[in-house]
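>>> can you look at this prediction? I've put the sequence above it.
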Amino acid sequence: MSGSESIRVRLLVGLLSGALLWAVVLISAPIITTDYASTSPLFTVGAAAYVVGTIVCHQQADRSFRLFETTLPVCARCTGLYVGAGIVALMMLMLGAFRDQRGCRWKDARTLLVVSALPTVVSILGETFGVVDPGNLIRAFVGLPLGGTALFVTGDVLRGALS
């Protein structure tokens, strides 16, 4: 393995591990911040998820899942995006995707991203124009494909597999 391949593999493993860790932290943050003392390092991790959540999400309570009477750090749609990325990250780590150099073409990657974004876009437009209020479960569900596809394509970019 050449030096540049080694760096690419490390970057990809870091991306995949980070995506998986972020999904786990998002889901567990309400439990961590409720069950641990504020002096605990775990509490700090949970609290940090809420701080980062304020940067990446609107955090409207009525559009967020609740766990143990505490809202998650991000809204339902963002939860779907990040959980989708976490699921794909886990699959790629388990399947050793960083070892396989086959990838898709740029045109196919763009098409995958557009198609995976359609459910999210339709949901947002439907809500914006008052056509539908899908609820939090649907908001999360339609975010799954976009989050997973975005991570998959980013992984292909990092490993230099797009042609």
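Received it, and whenever you're ready, just let me know what you need. The structure presented is a predicted model; accordingly, all values stated were derived computationally and were not measured. Numbers count the residues shown, from 1 in each chain.
>>> now the helix or strand hosting Met94: mean pLDDT?
Assigned by DSSP states H and E, Met94 falls within helix 76-95. The average pLDDT for helix 76-95 rounds to 95.
>>> mind listing what's buried along that helix?
Using 16 or more other CB atoms under 10 Å as the test for burial, helix 76-95 gives 76-90, 92-93. From N, CA and C alone the C-beta is placed, and that goes for glycine too.
>>> what does stretch 3-17 give?
Buried, per 16+ other CB under 10 Å, within stretch 3-17: 8, 12-13, 15-16.
>>> send me it as PDB with only the CA atoms.
C-alpha atoms of stretch 3-17 as PDB (Å, rounded to 0.1, in the frame of the first residue of the first chain):
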ATOM      1  CA  GLY A   3       1.700   6.400   1.200                       C
ATOM      2  CA  SER A   4      -1.300   8.100  -0.400                       C
ATOM      3  CA  GLU A   5      -3.400   5.000  -0.300                       C
ATOM      4  CA  SER A   6      -2.600   4.600   3.400                       C
ATOM      5  CA  ILE A   7      -3.700   8.200   4.000                       C
ATOM      6  CA  ARG A   8      -6.900   7.700   2.100                       C
ATOM      7  CA  VAL A   9      -7.700   4.600   4.100                       C
ATOM      8  CA  ARG A  10      -7.100   6.400   7.400                       C
ATOM      9  CA  LEU A  11      -9.200   9.300   6.300                       C
ATOM     10  CA  LEU A  12     -12.000   6.900   5.200                       C
ATOM     11  CA  VAL A  13     -11.900   4.900   8.400                       C
ATOM     12  CA  GLY A  14     -11.900   8.200  10.400                       C
ATOM     13  CA  LEU A  15     -14.900   9.400   8.400                       C
ATOM     14  CA  LEU A  16     -16.800   6.200   8.900                       C
ATOM     15  CA  SER A  17     -15.900   5.900  12.600                       C
END
